[in-house]
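>>> What shape does this take:
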Amino acid sequence: MPASVPTIAEHDALAAALAVLESRVTALETPIPPPPTKTLLTQADFTYLGSYKIPNNLDAGGSLAYGQGFTLRRVAGELRFLTFSFAGNVAGPQLRLVEFAEPAAIGGIAQVVLNVWPDIFGNGWNHGSRWHSLSWDEIKQKL
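This is a model prediction of the structure:
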């Protein structure tokens, strides 16, 4: 059976399809530029401003001496610190989550406890010899 001759409309449609395919092949042949390189931070990128003092007895129900976990969050523009306080080798929860206000000046002493959560792990969980870390997710507003 002899091949039929395409109509002008069919010819134009085939030509348009071929042009699209050619443009896609050209796009595939174009090399993808490498991702921008990231610069590693160095000591020169940081400026030491000072420190705050955090008394061991800031939380009356426990001690901050062991320094387990530390993170920051902002509440209504105010910087707050969160850390664990160790209540001692007692029955029930041994770790309390303590939130305290930023001292008024660099070098100042933290004095204002804003919140204490005595059993954040639930069910009086006893931490044993485990070490813990804290991280505040500002976007999700979750610890």
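
>>> Would you check that Asp59 makes contact with Ser85?
Yes - at 4.0 Å, Asp59 counts as touching Ser85 under the criterion of Cβ atoms under 8 Å. No exception for glycine: its C-beta is placed from N, CA and C like everyone else's.

>>> By residue count, what's the longest strand in this protein?
strand 78-86 (DSSP state E).

>>> Report all helices and strands that that one contacts.
When contacts are defined as 3 or more Cβ pairs under 8 Å, 6 or more residues apart in numbering; DSSP states H and E, strand 78-86 packs onto strand 70-75, strand 95-101.

>>> tell me the most buried of those strands?
Of all these, strand 95-101 has the most neighbours on average by mean count of other Cβ atoms under 10 Å, namely a mean of 20.

>>> Beyond it, next helix or strand please.
Next along the chain after strand 95-101, taking DSSP states H and E as the criterion, comes strand 113-117.

>>> Give me the contact list for that next one.
Contacts with strand 113-117, where a contact means Cβ atoms under 8 Å, 6 or more residues apart in numbering, come from 58-59, 61, 80, 85, 96-101.

>>> and the helix or strand harbouring Ser23, how far from the chain's centre?
According to DSSP H and E, Ser23 maps onto helix 8-29. Here helix 8-29 is found 47 Å from its chain centre; the criterion is Cα atoms, centre = their mean, to the nearest Å.
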